[in-house]
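Novice: Fold the stuff below for me.
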Amino acid sequence: MPAELKSTTHGGTMVLTISNAELRNALGPEIYAAGIEALDVAATQAEIRTVVITGEGRTFCAGGNLQRLQANRQQPPEVQAQSIEGLHDWIETIRNFPKPVIAAVEGPAAGAGFSLALACDAIVAAADAVFVMAYANIALSPDGGATWSLARAMPRQLATELLMAGERIGAERLHALGIVNRVVASGSALAEALAFAERLNDRAPNALESVKVLLNEAVDAPLHSQLASERDHFVRNLHHRNAGIGIAAFLSKDKPRY
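Specialist: Model (predicted):
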């Protein structure tokens, strides 16, 4: 069966499932394009509050399709460059998407699959999930924002080890490092990710969008600029109708409904 990105809806959460069973959910241009299209649509749908990205079956994502990469070696370099641009466009779309995106990881997340999980706002992983930046194992360098994500998430020495040695790292260790949010029993990553998403769905969407924008800016922003940005977001959200709902509900000990 051809590779595809399946889209389903669970309450206020859109679930995008990478489906490419023959190649362990390997990625390709058709997946990138479908991912961008799905997020562009979800961004305009008020009823969609969160997105979960997962893989079909017992594998999150095996990364790139090695057969396609081997074939692309016989093509002009521009062919592979265009393919990587498709992946990078999807990564940027996830990072800039105005709603929370959660990765639900079962089994291996390798290469670009690991990069994809890191691009999400949160990661829920099965206890036996394994993550590996496998590029160096096949004489390649990273893509999918792997160096950007890892350089910001962990000490340089550990990022160097993962990217150069290509060794596996488990969900528990990534949880200890603060990269994986939840470690759950095997087979329950999607269920926990949906439960996590449901908790976020109860929050005011405008406030969550501000948090995501501020976190994206904070990595490179000087303190003075970040303080100014926090001020502007706070004032804008205070004068949003949802702040009236939230404050009133808190004072009356009711559950807010945004």
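Novice: Check which helices and strands the longest helix anywhere in the chain sits against.
Specialist: Ranked by residue count, the top helix of the chain under DSSP state H comes out as helix 77-96. Counting contacts by 3 or more CB pairs under 8 Å, 6 or more residues apart in numbering; DSSP states H and E, helix 77-96 packs against helix 29-43, helix 66-72, helix 112-119. (Glycine included, C-beta is placed from N, CA and C.)
Novice: Could you find the closest non-adjacent residue to the residue positioned nearest the centre of the chain?
Specialist: Geometric centre of the chain, nearest residue: Cys120, 1.8 Å, by CA atoms, centre = their mean. Leaving aside its sequence neighbours, Cys120 sits nearest to Ala103 (CB to CB, 6 or more residues apart in numbering; 4.1 Å).
Novice: Do I have it right that the one you found meets Ile123?
Specialist: Yes - Ala103 is in contact with Ile123 according to CB atoms under 8 Å; the separation is 4.7 Å.
Novice: Mind listing the shared neighbours of those two?
Specialist: Counting by CB atoms under 8 Å, 6 or more residues apart in numbering, the common neighbours of Ala103 and Ile123 are Ala117.
Novice: what does the domain assignment say about the chain?
Specialist: Domains of the chain are assigned by automatic domain parsing as 4-201, 205-251.
Novice: which of the ones you listed sits most buried?
Specialist: Mean neighbour count (mean count of other CB atoms under 10 Å) peaks for domain 4-201 among the domains of the chain, with a mean of 19.
Novice: measure it end to end?
Specialist: By CA to CA, to the nearest Å, the extent of domain 4-201 from end to end equals 27 Å.
Novice: Could you save the helices and strands packed on helix 77-96 as CSV and add columns showing distance to Ile169 and mean pLDDT?
Specialist: Output for the helices and strands packed on helix 77-96, formatted as CSV (distance: least, CB to CB, whole Å; pLDDT from 0 to 100):
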stretch, distance to Ile169, mean pLDDT
helix 29-43, 24, 97
helix 66-72, 21, 92
helix 112-119, 9, 98
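Novice: And these: which comes nearest Gly86?
Specialist: Closest approach to Gly86 among the helices and strands packed on helix 77-96 (CB to CB): helix 29-43, 3.9 Å.
Novice: Now do the helix or strand just after that closest one: which elements does it pack against?
Specialist: As assigned by DSSP states H and E, the chain's next helix or strand after helix 29-43 is strand 50-55. Using 3+ CB pairs under 8 Å, 6+ apart as the contact test, the elements touching strand 50-55 are strand 13-19, helix 29-43, strand 101-105, helix 112-119, helix 189-201.
Novice: which other residues reach the longest helix of the chain?
Specialist: 27-29, 31-33, 35-36, 39-40, 53, 68-69, 72, 101, 112, 115-116, 119-120, 143-145, 216.
Novice: any idea of the mean pLDDT for stretch 175-189?
Specialist: Here stretch 175-189 scores 98 as its mean pLDDT.
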